[in-house]
Structures are given as structure tokens and as C-alpha cells.
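The following comprises the amino acid sequence and a computationally predicted model.
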Amino acid sequence: MFRNPDKLRQKYYPFLEKFFGVNKNPEILEIDFQKPWWDIIWRQKSKYLITLFFETFLYVFLTLIPLIIIRVVDSGQINYLFLFVGLWLILNILPNFYIRIFVRMASTCVQSVYYSSVRFFLTVDPIFHTTRSSGQIIAKVNRGSDAYIEFLDIFTFEIVTKGISLITALVAVCTLDLSLGLLATACTFFIIMISGIGRYLATSITAREQILQDDKRKELGVESLSANNYIRSSFATPEQNQKVLKTSRKMYGVDATKSMTNITSDVITRCLYILSFLIISWNIFNQINTGKLSTALGLAILLTFYTGSRDIWSVGSTIQKLVDKITQIKDLYTFIRGFGKQTYPVLEE
């Protein structure tokens, strides 16, 4: 069975499609490329807010798990343990219901932008196509439309969830011990500032270069495949091969440079986080040794802070990915705005 994926698809995909039911009444919205790129998301804000509400509740709970466990153990009540585990199970099953709303909204964004983009290039006057490469158009449409679902995933399940966890942890620590909470807050926001600035600058410098080189690479790829007969008949295969090789090498360099720039920024952020963890731990140990904090409470504070802030070193990476996707979307909008226009109707409204 596993050796024939096509038979597997034919047998089980109709069941999965019917079971989840997310494909019913697909909504394709018309996009006005003169409006901001986020307009399509704003038009579906009620669906998006449902996801944000439940994700907030889930990640507040997940962040407080160490503190809750210590409280449950300290109480000595087995009933509290069953209540805690039951709530944990419910909150982990719940996403199966509200995430389908998010999936439909994200799919609407991607397919609406893709459809409206292709529709635009289909109806624009042919003269504007004569000075543009089909490969470049295909690259920008695919990259710009697909970037929507990646943007929404990154923003919702990385930026928002990490932010919720971090804020929850800092509020909890401040509630338990104000001085430690203020120290943790200061360290945290300093790390976020350094990480965010580093990644933003690195991405702003390298993302545009990556788009330009990717356009050239895909342009040459489409040209090599679509004009294969012409290239062969004119004995230009060696020259075309060298062009593709040169472009691939250039793309290799751009990708590697971008990766190393971002990794260097991450290393600095990780070191800062480890040092901040050391400072906070040292203060907790001092308060335990002087009797200001109990061992259980000190452990609860340290674990809660770690649970909420353990992904803080990757905030720069998340910002970098987010800026990448926004750049790709805006690149498509800018390209369409400056491409050309339709002087006579070709589709019935």
C-alpha cells in the first residue's frame, strides 16, 4: 500500500476531504492591488480574531504549567491533578475546531491573490507583456500569493504565541516577586530589541537581493524550457547552460550570505539570553539563601520565566521570516501597479 502513493491518495483523500469539510463553499475575493497588501486580511478580521482569542487562552495556560504543577503538588490534593490534566486535554483538542476557521481564511487570502493576479495579467493589454518575461511574472505571482499563508502562520503561531507566553511569564513573575519580575522584564526587552534590530537590518539588506536573483533564476528556467526548440535549433545550448549555471551560483551565494548574516545575529542573541538567565537565577538563589523566598517558590519563578522566555532568542529569526514574506507580497503588489493597464474590456463582469 505504501509503495503506491497514488492509490493511497485515491482511496483516502476523498474521506479526509469529507471528514474535515474545509473545502465547502470556497470563498475567492477580488483583490484591488491599489489598496494595501493587508486589506484582504482586514476584510476577514472577524475570522482571524476567533483564532487569536483561543490561541491566547491556550498559550497563557501552557506558560503557567510549571507554576500550576508546583501549586498542585504543594496542595497535596489529587483532585487538583485530575482537574489540571483534564483542562490540559481539552485545550489541546480545542484547536481542531477553531483552526479550520483560520485555514479557510488563509486559503482565501492565497487563492484570492493568486486568482486576481492571474486575472490581471490575463486582461492587461498585450503590449505590456512584450517587455516582460513570463518567468518573472510566474515567479512573482507564485511567491507573492503563497507568502500570505506563510505570513499568517508566522505572525499567528510564532509572533503572537511567543508574545503571549512571554507577557504571561513576566506578569506571573512580577506577581510572585516584583523585584525579580522587573529584572526579568528589563533583560527580556533588551534582548528583544537587540535581536529584532539585528534581524531586521540583516533581512532588509539581503531580502531584496534574494528576490532579484530569484526572479532572474526563474526567468532563465522558464526560458530554457519554453524556448527549448529555438535554443537547440540555433545551437545556443552551451551558452544557455552557462547562463543557468552562472545564475545558480549567484543564487547560491545570496542564500548562503543571507543565512550566515542571520545566524550571526542569532548567536549574539542566544549569548545574551544565557547571560540574562544567569543573572535572574543568581538573584533567585540569593533570595532563597537569605530566606526571602522558599525553594518551591524560587523554582516556580525560574521555571515560569524559562517556559515563557525560552524562545526569545529566536524572536529575531521570526522577525526575519516575517519581513521576508511581507517583502515578497509587497513586491508582487508593486510589480502589478507598475506593469500596465487594460484599455478595453475582455471579460464580462
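Alright, I've got the coordinates. Numbers count the residues shown, from 1 in each chain.

pLDDT score assigned to residue 9?
Predicted confidence (pLDDT) for residue 9: 65.

cool, and residue 228?
64.

Please shift the residue numbers so they start at 12 in all later answers.
Sure thing, new numbering starts at 12, so read that last one as residue 239.

now residue 56: how far from residue 47?
According to CB to CB, to the nearest Å, residue 56 and residue 47 sit 14 Å apart. The C-beta positions use only the backbone N, C-alpha and C, and glycine is treated the same way.

Next: residue 310.
48 Å.

From the neighbour counts alone, determine which of those two ranks first.
Using other CB atoms under 10 Å as the criterion, residue 310 and residue 47 rank with residue 310 on top: 16 against 12.

Now the more buried one: closest residue in space, sequence neighbours ignored.
residue 81 (6.8 Å; CB to CB, 6 or more residues apart in numbering).

Can you give me the neighbour number for the one you found?
The burial count for residue 81: 17, using other CB under 10 Å.

where do the helices sit along the stretch 162-311 of the chain?
Using DSSP state H, counting those that start in this stretch, the helices of the stretch 162-311 of the chain run over 172-187, 189-237, 239-244, 248-300, 306-320.

Between the ones you listed, which one is closest to residue 340.
Set against residue 340 and scored by CB to CB, the helices of the stretch 162-311 of the chain come closest in helix 189-237, at 11.1 Å.

So what's the gap between stretch 200-211 and the chain middle?
Chain-centre distance of stretch 200-211: 18 Å, with CA atoms, centre = their mean, to the nearest Å.

got a list of contacts for that stretch?
Outside stretch 200-211, the residues that touch it by CB atoms under 8 Å, 6 or more residues apart in numbering are 273, 276-277, 279-280, 283-284, 287, 323-324, 326-328, 330-331, 334.

Would you mind listing which of the residues you listed are buried?
273, 276-277, 280, 283-284, 287, 323-324, 326-328, 330-331, 334 (16 or more other CB atoms under 10 Å).

pLDDT weak spots in the stretch 62-211 of the chain?
Residue ranges of the stretch 62-211 of the chain with pLDDT under 70: 140, 142.

ok, how many other residues are close to the residue nearest to residue 283 when sequence neighbours are not counted?
Among residues not flanking residue 283 along the chain, residue 202 sits closest, at 5.0 Å (CB to CB, 6+ apart). Using other CB under 10 Å, residue 202 has 23 other residues around it.
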